[in-house]
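Colleague: I'll drop the sequence and a predicted model, then ask my questions.
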Amino acid sequence: MVNDQTNADPGLFDALMGDGRPLLKLTGLALIGSGLFAFFLGATGHFLPQDIAYLGMNADELCSLADSRVVYFMVHDRVSFGGAILGVGTLYLWLAEFPLQARQGWAWWALLISGVIGFASFLAYLGYGYLDSWHGMATLVLLPIFATGMFKSLALVRPLPSIRLALTTRSIGSWRSASELGRLLLLVTAFCLVAGGLIIMAVGMTSVFVPQDLDYMQLTMSDLQSANPRLVPLIAHDRAGFGGGVCCCGITMFLCVLCGTPSRSLWQALFITGTSGFGSAIGVHYPIGYTNWFHLAPAYLGAVMFFSGMALTFPRSSAAVPRTS
């Protein structure tokens, strides 16, 4: 009797959390907001207060280094990072609103895998020694929201299928059809994003720069360290964070394409994800003059594969695709 009364008259927090999906949507919206904020900071050349305090240099002093190319290089990482996590947030919104609402177990596993990778990438700071207090605070606030949403939404997919079964529920058709060829291109693109993100994160935690980066800035590692011994750790933080965001975006996209039922909503979510990710990663290079073809070639190749896949999978019928598995 008490349980019936509780269910009929839920508390405030139970009503707000619902089945957990509102919290997962909030996570997605927070990631989109963070992506837009990172894009704004990069596009306007602003630095966070803790960055300035850590370096002991103001924006004008930073701009004086190598004719502002050091600042431009940092902008290029931050804008690209913003595009990547905006894409992750968009896919989280789609996962929570469509397949998870339809009680599809693969969507729960996709969110869990992506969330673990995304939050764990924060620990990359151990490789460069700079702890961004704002990044850390945002992680501490968002992690319990995401975790509670995952716990509450578990009831939607009970009995929870094994991860192997959940991620192989959609049969693979013939690659000879246009739509399946497009799906293959999207899967390859997502796989390349995962690999590329891991490489960028590893570079950020170790050497920090590739040769093309130093050529663009016309500086050596010693020059940067002489200018400010804390400058390289700060740039490494941006690089590793950018790599973690790209990796998380790639794995989320891969699972959505692999397991998701083709639909207009999925196509739209993927389009926003790819456009924000590739658009920011490629577009930011031209205003700052970093146009080395070898450096941009992987991004261009990924963009060609992605938009080719999107064109081949474009939903040409207005007929609704069932949201149940």
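Modeller: Noted; the coordinates are in hand. Residues are numbered from 1 along each chain as shown.

Colleague: give the contact list for the residue most central in space within the chain.
Modeller: By C-alpha atoms, centre = their mean, the chain has its centre lying nearest to residue 85, at 3.3 Å. Counting by C-beta atoms under 8 Å, 6 or more residues apart in numbering, residue 85 touches 31, 32, 34, 35, 38, 245, 248, 249. For every residue, glycine as well, the C-beta is placed using N, CA and C.

Colleague: what's the neighbour count on the residue nearest to the fourth one when sequence neighbours are not counted?
Modeller: What that stands for is residue 35. Spatial nearest neighbour of residue 35, excluding adjacent residues (C-beta to C-beta, 6 or more residues apart in numbering): residue 86 at 3.2 Å. Using other C-beta atoms under 10 Å, residue 86 has 25 other residues around it.

Colleague: so how far is residue 25 from residue 86?
Modeller: According to C-beta to C-beta, to the nearest Å, residue 86 and residue 25 sit 15 Å apart.

Colleague: so where's the stretch 151-300 of the chain shaky on pLDDT?
Modeller: Within the stretch 151-300 of the chain, the segments meeting pLDDT under 70 span 169-175.

Colleague: host element of the closest residue to residue 124 other than its chain neighbours?
Modeller: When the adjacent residues along the chain are set aside, residue 124 lies closest to residue 240, with 4.0 Å between them (C-beta to C-beta, 6+ apart). Element membership of residue 240, judged by DSSP states H and E, is helix 231-259.

Colleague: excluding its backbone neighbours, what's nearest residue 225?
Modeller: Using C-beta to C-beta, 6+ apart and skipping the chain neighbours, the partner closest in space to residue 225 is residue 232 (6.1 Å).

Colleague: hang on, the one you found packs against residue 223?
Modeller: No: using C-beta atoms under 8 Å, residue 232 makes no contact with residue 223, being 10.4 Å away.

Colleague: ok, residue 62 - how many residues close by?
Modeller: Residue neighbour count, defined by other C-beta under 10 Å, stands at 20 for residue 62.

Colleague: which strands or helices does the host helix or strand of it pack on?
Modeller: Using DSSP H and E, residue 62 sits in helix 59-63. With contacts defined as 3 or more C-beta pairs under 8 Å, 6 or more residues apart in numbering; DSSP states H and E, helix 59-63 has these neighbours: helix 69-97.

Colleague: these two touch, right, residue 161 and residue 103?
Modeller: No: checked against C-beta under 8 Å, the pair residue 161 and residue 103 is beyond contact range at 10.9 Å.

Colleague: the stretch 101-250 of the chain: helices as residue ranges?
Modeller: Counting by DSSP state H, counting those that start in this stretch, the stretch 101-250 of the chain has these helices, from start to end: 105-120, 133-153, 163-166, 178-205, 211-217, 221-227, 231-259.

Colleague: just give the nearest non-adjacent residue to residue 200, would you?
Modeller: In this structure, residue 200 finds its nearest non-sequential neighbour in residue 243, 3.2 Å apart by C-beta to C-beta, 6+ apart.

Colleague: residue contacts, residue 75?
Modeller: 42, 43, 45, 284, 288 are the contacts of residue 75 under C-beta under 8 Å, 6+ apart.

Colleague: please compute how far the host helix or strand of the first one lies from its chain's middle.
Modeller: Counting by DSSP H and E, the secondary-structure element that holds residue 42 is helix 21-44. Computed by C-alpha atoms, centre = their mean, to the nearest Å, the chain-centroid distance of helix 21-44 equals 10 Å.
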